[in-house]
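Participant: fold the following.
(one chain, ligands or ions: 1)
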Amino acid sequence: MNDFAGQVSKAHQNFSDRNPQSRAYFDDARTVLPGGHTRTVLSHPPFPLLFVGGEGATLTDADGHHYIDLLGDYTAGLLGHSERRVIDAVTTALGRNVSVGGIHPAEARLGHLMCERFGIERVRFTNSGTEANLMAITTAMQATQRSTIIAFLGGYHGGVLYFVSGPAASNAPYDFVVAPYNDLAGTTALIYQHATDLAAVIIEPMLGSGGCVPADPEFLQGVFAAARSVGAVCIADEVMTSRHGRKGLTALLGAQADITTYGKYIGGGFSFGAFGGTAALLDQFDTTPGTGREKIISHAGTFNNNIATMTAGTVVLGEVFTADVAEAHTSRGDEFRVQVADVLGRSALPVCISGYGSMMSLHASATQPANGTQASSRDHALQEMIYFGLLQRGVYTAFRGMMNIGLAHTDDQLSAALDALTETLHELAEN
Ligand SMILES: Cc1ncc(COP(=O)(O)O)c(C=O)c1O
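Facilitator: Okay, here's the model as predicted:
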């Protein structure tokens, strides 16, 4: 019987010894930033690494270690660290104008690209995925004049829309009802129970933070059908998953939302969020004079149309990550996941992989999770030991096990990552 819990403190000590510059930075940063940084997801014991450089799919930390970046900034870093087309276009645009209290051409250009690509009629931009989801919920509440929102256990829609281990106390004060993911009967029962007050259902087609657990197609389709039957709005959170296939994961699972939210990679590394959908819903924001609209939803935001993000987005969707590239990238991710599963299958340890396309998660658990609760019931000590084992071998993943394949990864880097995983598991099984 392996005692992984007993090995964890030694792994922390080794990590501290190997990373004195990161440690020193962290100790200082903590004096002004609670926890040493401003992204809760980055926290892990004993302290997170301090990165000082990146090139392609490689990261360099302050102590001079190089890593294959298998995290890709939780999907925002799809392009890698040096996509020249985006950097050059943004540099040129910023040379003309950095910040303008007005309209500039890249905004509608990105709007057209998004509508064509994702099959939506209208879109609005925000600064983050969190904001996009808050606005999507607001849109649904205003359209229906109802207030109940169904979200899912294991779901994550932003810092104030957290359901990974149940609703967080710090969540935005909406009337949330939490439904069981991948449980159609349980969810439809709740939808019918709230038939007269349900404004929207908000769902990730694959739980991202909740452990890369894809929705069963019948579940997603069934939830949307039931929600529509009671007059509620269907919101698909594709902040992470719009990278899959030509139009995003919801379409691949045979469903269609009324409002979809976007974020992460579309901004090419700059702050980004967007919500889009039917004209009937989104035109509630239409301020054009003379439309005769009585009620208009206000959605201001100094940086909603900021030049860097809008410019980067046009290059990302228009040139770098076209629908053809997205389709091929999804297949490449599927192939890599099969190879990871093969490595895991050769280990005696209780480990498995879940995911879709280029997004996946390692679980220190013998069985593939079907929902967030199953994903979180893993051997936490083993999970940590895998993380530190990969780091020591030059592979950077999420502490929770998430791995994302990006456009910059070479085949050699992916096979080196598989070798690192094989060695890590072998060492852990031996101890
Ligand atoms: C599915 C999903 N929705 C929304 C968000 C929030 O996006 P942001 O961090 O840009 O606010 C995230 C972030 O991880 C996410 O994974």
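Participant: least trustworthy helix or strand in the chain by mean pLDDT?
Facilitator: For the chain, counting by mean pLDDT, DSSP states H and E, helix 372-376 ranks last in confidence among helices and strands (a mean of 92).
Participant: just checking, next helix/strand downstream of that one?
Facilitator: helix 380-392 (DSSP states H and E).
Participant: check the offset of that following helix from the chain's centre.
Facilitator: 22 Å (Cα atoms, centre = their mean, to the nearest Å).
Participant: try stretch 230-245
Facilitator: Computed by Cα atoms, centre = their mean, the chain-centroid distance of stretch 230-245 equals 12 Å.
Participant: pull the CA atoms of it into PDB?
Facilitator: Coordinates of each C-alpha in stretch 230-245 appear next as PDB, following Å, rounded to 0.1, in the frame of the first residue of the first chain:
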ATOM      1  CA  VAL A 230     -41.200  26.300 -19.500                       C
ATOM      2  CA  GLY A 231     -40.200  29.500 -21.200                       C
ATOM      3  CA  ALA A 232     -36.700  29.700 -19.700                       C
ATOM      4  CA  VAL A 233     -33.500  30.800 -21.500                       C
ATOM      5  CA  CYS A 234     -30.800  28.300 -22.200                       C
ATOM      6  CA  ILE A 235     -27.300  29.700 -21.500                       C
ATOM      7  CA  ALA A 236     -24.300  27.600 -22.600                       C
ATOM      8  CA  ASP A 237     -21.000  28.700 -20.900                       C
ATOM      9  CA  GLU A 238     -18.400  28.100 -23.600                       C
ATOM     10  CA  VAL A 239     -15.800  30.300 -22.100                       C
ATOM     11  CA  MET A 240     -13.400  27.300 -22.200                       C
ATOM     12  CA  THR A 241     -15.000  25.000 -24.700                       C
ATOM     13  CA  SER A 242     -15.700  27.100 -27.700                       C
ATOM     14  CA  ARG A 243     -12.300  25.900 -28.900                       C
ATOM     15  CA  HIS A 244     -13.800  22.500 -29.800                       C
ATOM     16  CA  GLY A 245     -14.800  21.700 -33.300                       C
END
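Participant: got the buried residues for it?
Facilitator: Using 16 or more other Cβ atoms under 10 Å as the test for burial, stretch 230-245 gives 230, 232-245. C-beta: built from backbone N, CA, C; applies to glycine.
Participant: the residues you listed also near the ligand: which ones?
Facilitator: Asp237, Val239, Met240 (Cβ under 6 Å from any ligand atom).
Participant: in strands, which of those residues fall?
Facilitator: Counted as lying in strands by DSSP state E, out of these, are Asp237.
Participant: what's the closest of the ones next to the ligand among the buried residues of stretch 230-245 to the ligand?
Facilitator: Nearest to the ligand out of those is Val239 (Cβ to the nearest ligand atom; 3.5 Å).
Participant: would you mark the buried spots in stretch 36-53?
Facilitator: Residues of stretch 36-53 classed as buried by neighbour count (16+ other Cβ under 10 Å): Gly36, His37, His44, Phe47, Pro48, Leu49, Leu50, Phe51.
Participant: okay, the least confident helix or strand of the chain in CSV with CA atoms only?
Facilitator: The C-alpha coordinates for helix 372-376 follow below in CSV (Å, rounded to 0.1, in the frame of the first residue of the first chain):
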residue,chain,number,x,y,z
GLY,A,372,-18.2,17.1,-10.3
THR,A,373,-18.7,15.2,-7.0
GLN,A,374,-17.1,12.1,-8.5
ALA,A,375,-14.3,14.2,-10.0
SER,A,376,-13.5,15.6,-6.5
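Participant: in it, which residues are buried?
Facilitator: Within helix 372-376, the residues that count as buried by 16+ other Cβ under 10 Å are Gly372, Thr373, Gln374, Ala375, Ser376.
Participant: restrict these to contacts with the ligand.
Facilitator: Okay, of the buried residues of helix 372-376, nothing touches the ligand (Cβ under 6 Å from any ligand atom).
Participant: so is Phe176 in a helix, a strand, or just coil?
Facilitator: strand (DSSP: H, G, I helix; E, B strand; the rest coil).
Participant: over to Val201?
Facilitator: Secondary structure, three-state DSSP: Val201 is strand.
Participant: you'd agree it is up against Ile191?
Facilitator: Yes - under the criterion of Cβ atoms under 8 Å, Val201 makes contact with Ile191 at 7.1 Å.
Participant: who has more neighbours, the two?
Facilitator: Set Val201 next to Ile191 and count neighbours by other Cβ atoms under 10 Å: Val201 wins out with 30 against 23.
Participant: check contacts around that one.
Facilitator: Residues counted as contacts of Val201 (Cβ atoms under 8 Å, 6 or more residues apart in numbering) are Ile149, Ile150, Ala151, Ala179, Ile191, Val223, Phe224, Ala227, Ala232, Val233, Cys234, Ile235.
Participant: who does the residue nearest to the second one when sequence neighbours are not counted bridge with?
Facilitator: In space, Ile150 comes closest to Val201 once its chain neighbours are excluded; the distance is 4.5 Å by Cβ to Cβ, 6 or more residues apart in numbering. Partner residues in beta bridges with Val201, using DSSP bridges, are Ile150, Cys234.
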